[in-house]
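Trainee: here is my input, please return the structure:
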Amino acid sequence: MLLKHLLMKKLYVLKGVRLRALLYILSALAGRAAWQPANAQSAVTAVFTHPINATTSTTYSGTGATGTSPSGLTGNTYTYHFGTNVAATNNTTILDSFTTLALNYHFQPATEKVIFRRVDNASATGLRKSLWYEQNGSTVNPGGNVDLFPDYNDSLEDLFTQRIFNIGIDNVFQNATTTNNNNIEREDVIFPGGVTATDNTKAGFVVFDRGGAGSHDPFYMAAIKTLDAAGNPSAYYAAVNGPAASYGSSIGGNVTYIIMRKNDTDPGLLMMNNSTAQNRDGIFFRFLDLGVPVNTKIYGYSMFAPDVTVSPVIKMVNYNSGTNFPTSTDLSAGGVDQLAVTGLWVTDAVYVLLPGTIDGFDAGLSNGKVKLGWQLLNIDNLQQQVIERSTDGISYSTLCSLAATKPGPQAAFDEHPLPGRNYYRLKLVNSDGMTGTYSMVSHVDMTLGIAGSLHIYPNPVRSRQLSFDGTGLANGMYMLNLYNMTGTLVFSRLLKGAPVMRQTVGLPRELPAGIYAVQLTTGNGSKVFEQSITIE
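Mentor: Residues are numbered from 1 along each chain as shown. The predicted structure follows:
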């Protein structure tokens, strides 16, 4: 039963790929401006997901949502529940991969940050949060319970780096009060170290929208050509339209949701609407579609409302311009109800080049401390390795620094991790004092209360023999899981934990060579350890 409980569920729905010629004809008949590229994006035709368990339990009381436009629910006080007090397992759905143009694209880890650029308008000011969450149950009775599956989190910037398929933003670019609104003018998904496609048809970016099949919301997307000294977009490639007709149709499955809103003065997210169900569908932009040449570094992408002035491209840089970025945007469908899915998606990691100095930045618990380990591939032009720590995955501060003296295995410790979740990343500083690149982000959750660690060797794994030393683990049963790069569970083994343990596990001979994720979980599904390995 434990193994069955931990197996990843896949949402797999196949649809036929739409004919593209019709889109070109319709676009021409509509008088597409001469500067605008043809609609070269593609519909998502299948999705593959897996569930993860919540780690927190949140309960509070509050009215319906406040502020303009009004929710109509402020006359009652509701009890809000999130996370483990709603469901013990399978609270959050994570997107692993999807199919488009008859190819499967999977998530490629790369350091990213998501920034929602805001300009106050007549309807919304400050850090307004308008999120939708998957609901447990049916219509909420007046003054009743609002039960939402995932953990409570009202940080848009954090949520949108986690590939979450059952949380999203509502009406991201809507300003007017004809429906739920925001003060967001541009959404930036930035890769500080840049990404390069060696085949610009095999890598790209995906957007998923919650809405009715065949009636999803349009937007613009543009690839970021350069960043300024502060790390903000300073130049773009030409914007590409993301029309409603280019989404898939009834691909991601229905989700029952409640829109939640939080204004600056609100104690937490408050109910904006009652229970509703809609589909989740996607649209994919390859590097080629965004006008990015082969072997050309870009720094991510930005999304805009369909009423933004996107030509010439310099007009997309200044989101504070009330002329180029209207602050009274009133979209007939209300704007994009984007799922919390961003990042880089590839058919195979071989088709993209990431900053190539770091390999495998991992964080794990060891006797109450956090051990950080990685491989430094070369030290050319490197001066320093800086470990940075964060409690929210957004704002980082320096934890410690190491000299970059020789390549090979590197290690550092956080002697005093903070309560709750600790995020870590590695920053490499060049000899000129400038930041060269960042690693991927790794995190450890101290609320699990487990002071254990696992050392896997050799890595790369040879002869399909996986050996490991475990220290500090409590007595009890653990599950060792192996996932491939699409997030598919390919091997599991039930293990007996002990304060000191050493074992060798034989892996299936038919496992293909490649990169895998090893995960150790407790009996209730809480993650103790995770590390990437290479099988030769």
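Trainee: please point out which parts of stretch 111-128 sit buried.
Mentor: Going by neighbour count (16 or more other C-beta atoms under 10 Å), the buried part of stretch 111-128 is 111-119, 121, 123-124, 128. In this view, the C-beta of every residue, glycine as well, is placed from N, C-alpha and C.
Trainee: now tabulate these in TSV and tack on distance to Ala412.
Mentor: Shown next, in TSV, are the buried residues of stretch 111-128 (distance: C-beta to C-beta, whole Å):
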residue	distance to Ala412
Thr111	18
Glu112	23
Lys113	22
Val114	27
Ile115	28
Phe116	32
Arg117	34
Arg118	36
Val119	40
Asn121	45
Ser123	47
Ala124	43
Arg128	39
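Trainee: now pLDDT, secondary structure and distance to Ala363 too, for these, in CSV please.
Mentor: Formatted as CSV, the buried residues of stretch 111-128 follow (pLDDT from 0 to 100; DSSP: H, G, I helix; E, B strand; the rest coil; distance: C-beta to C-beta, whole Å):
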residue, pLDDT, secondary structure, distance to Ala363
Thr111, 82, coil, 14
Glu112, 92, coil, 18
Lys113, 95, strand, 18
Val114, 97, strand, 21
Ile115, 97, strand, 24
Phe116, 98, strand, 27
Arg117, 98, strand, 30
Arg118, 97, strand, 32
Val119, 97, coil, 37
Asn121, 95, coil, 41
Ser123, 91, coil, 42
Ala124, 94, coil, 37
Arg128, 95, coil, 33
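Trainee: which stretches of the stretch 1-150 of the chain have low pLDDT?
Mentor: 1-39 (pLDDT under 70).
Trainee: can you give me the helices in the stretch 51-200 of the chain?
Mentor: Counting by DSSP state H, counting those that start in this stretch, the stretch 51-200 of the chain forms helices over residues 156-159, given from the N-terminal end onward.
Trainee: need the longest strand for this protein.
Mentor: Taking DSSP state E as the assignment, the strand of the chain that covers the most residues is strand 184-197.
Trainee: what is it packed up against?
Mentor: Contacting strand 184-197 under the criterion 3 or more C-beta pairs under 8 Å, 6 or more residues apart in numbering; DSSP states H and E are the following elements: strand 113-118, strand 203-211, strand 219-227, strand 297-304, strand 352-353, strand 435-438.
Trainee: could you export the next helix or strand after the fifth one as CSV, CA atoms only?
Mentor: Secondary structure here is assigned by DSSP states H and E; on that basis, the next helix or strand after strand 352-353 toward the C-terminus is strand 358-366. Once non-C-alpha atoms are left out, strand 358-366 reads as follows in CSV (Å, rounded to 0.1, in the frame of the first residue of the first chain):
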residue,chain,number,x,y,z
ILE,A,358,28.5,23.9,-11.9
ASP,A,359,27.1,20.4,-11.8
GLY,A,360,24.7,19.0,-9.3
PHE,A,361,24.1,21.6,-6.5
ASP,A,362,22.3,19.6,-3.7
ALA,A,363,21.3,20.3,-0.2
GLY,A,364,20.6,17.7,2.5
LEU,A,365,20.3,17.3,6.2
SER,A,366,23.2,15.9,8.2
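Trainee: only the buried residues of strand 358-366, if you could.
Mentor: When burial is assessed from 16+ other C-beta under 10 Å, strand 358-366 yields the following buried residues: 358, 360-366.
Trainee: find the residue closest to His106 in space, skipping its chain neighbours.
Mentor: With sequence-adjacent residues excluded and distances taken as C-beta to C-beta, 6 or more residues apart in numbering, His106 is closest to Ser97, at 4.0 Å.
Trainee: partners of the one you found in the sheet?
Mentor: Beta-bridge pairing for Ser97 (DSSP bridges): Phe48, His106.
Trainee: residues near Leu101, how many?
Mentor: In terms of burial, Leu101 registers 15 neighbours under the definition other C-beta atoms under 10 Å.
Trainee: would you confirm that it contacts Val44?
Mentor: No. With contacts defined as C-beta atoms under 8 Å, Leu101 does not count as touching Val44, sitting 9.8 Å away.
Trainee: ok so, going back, which of the helices and strands packed on strand 184-197 is buried the deepest?
Mentor: Taking mean count of other C-beta atoms under 10 Å as the contact definition, the stretch among these with the greatest mean neighbour count is strand 203-211, which reaches a mean of 25.
Trainee: for that one, packing partners?
Mentor: In terms of contact count using 3+ C-beta pairs under 8 Å, 6+ apart, strand 203-211 is assigned the packing partners strand 103-108, strand 164-169, strand 184-197, strand 219-227, strand 276-286, strand 339-340, strand 344-346.
Trainee: okay if I get these as TSV plus distance to Ile387?
Mentor: Rendered in TSV, the data for the helices and strands packed on strand 203-211 read as follows (distance: least, C-beta to C-beta, whole Å):
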stretch	distance to Ile387
strand 103-108	23
strand 164-169	27
strand 184-197	16
strand 219-227	23
strand 276-286	34
strand 339-340	27
strand 344-346	24
